[in-house]
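> I need the structure of the sequence given here:
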Amino acid sequence: MRTKLVAGVVTADGRANLVQHRKRCTVCHHRQREEIEWDFLNWVSAETIRKKYRLRDRSTIYRHAHARRLFEGRRRGLRIVLERILERGENVRPTASAIISAARALAKINTLGEWFEKEDHRVYLQRMFDQMTKDELELYAREGKVPERFGGPAQRAGGEPEGGGGQATDG
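Here you go, the predicted structure:
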């Protein structure tokens, strides 16, 4: 998707100039701005938001979302969307394939909304192991702790913080 660049709205590094954005943005001046942002963050479609809040077009919403970095928050909420699909499985007639697909997708998304393929994780671990000293490898083997330079002592090998569901295995 290409957005129309207006002089002064984008800085030299390509990021939105929030001062200029706020001056010109329909959403920023809308009396229901917080509700619009809340809906966007909660994966309500841009077309539904456009109609609900009587905005001119969807690009208004997307420009605002890019300038205010709402896409980052929206991605973090992706787990919530997939959880809703799974919860509603008993109330609708999804195919078994759809439920399994949602569950598989949910399993690949961390708490920050980042997608991790299992192969990516193995490649990361191998690179990390290649860079570890003998002492670091022994500590990892003994306690499952990752050195600070790879995510700190509070980080388990699976990328989950200690106590957050990640478990080191013995073998």
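> make it CA atoms for all contacts and neighbour counts henceforth
OK.
> point to the helix or strand of the chain where mean pLDDT is at its lowest.
Least confident helix or strand of the chain, by mean pLDDT, DSSP states H and E, is helix 118-131 with a mean of 72.
> past that one, which element shows up next along the chain?
helix 134-143 (DSSP states H and E).
> now that next one: buried residues?
For helix 134-143, the buried set under the neighbour-count rule, 16 or more other Cα atoms under 10 Å, comprises 137, 140.
> and His29, how close does it get to Trp38?
Applying Cα to Cα, to the nearest Å, the value for His29 to Trp38 is 15 Å.
> actually Arg56, not the one I typed
Counting by Cα to Cα, the separation of Arg56 from Trp38 is 19 Å.
> tell me the contacts of Leu86?
99, 102-103 (Cα atoms under 8 Å, 6 or more residues apart in numbering).
> which stretches of this structure have low pLDDT?
Applying pLDDT under 70 to the chain picks out residues 1-16, 89, 111-113, 116-124, 151-171.
> for it, which segments count as helices?
According to DSSP state H, the chain carries its helices in the segments 18-24, 26-29, 33-41, 46-52, 58-67, 70-76, 78-87, 96-107, 118-131, 134-143.
> between the ones you listed, which gets nearest to Arg149?
Smallest distance to Arg149 across those (Cα to Cα): 9.8 Å, for helix 118-131.
> out of Arg56 and Trp38, which sits in the busier spot?
Trp38 (14 against 11; other Cα atoms under 10 Å).
> which residues does the more buried one contact?
Trp38 neighbours (Cα under 8 Å, 6+ apart): none.
> swap the cut-off to 10 Å and go again
Neighbour list for Trp38: 32, 44, 70, 74 [criterion: Cα atoms under 10 Å, 6 or more residues apart in numbering].
> dump the helices of the chain to JSON lines, plus distance to Phe150.
Output for the helices of the chain, formatted as JSON lines (distance: least, Cα to Cα, whole Å):
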{"stretch": "helix 18-24", "distance to Phe150": "34"}
{"stretch": "helix 26-29", "distance to Phe150": "40"}
{"stretch": "helix 33-41", "distance to Phe150": "31"}
{"stretch": "helix 46-52", "distance to Phe150": "38"}
{"stretch": "helix 58-67", "distance to Phe150": "30"}
{"stretch": "helix 70-76", "distance to Phe150": "22"}
{"stretch": "helix 78-87", "distance to Phe150": "25"}
{"stretch": "helix 96-107", "distance to Phe150": "23"}
{"stretch": "helix 118-131", "distance to Phe150": "7"}
{"stretch": "helix 134-143", "distance to Phe150": "11"}
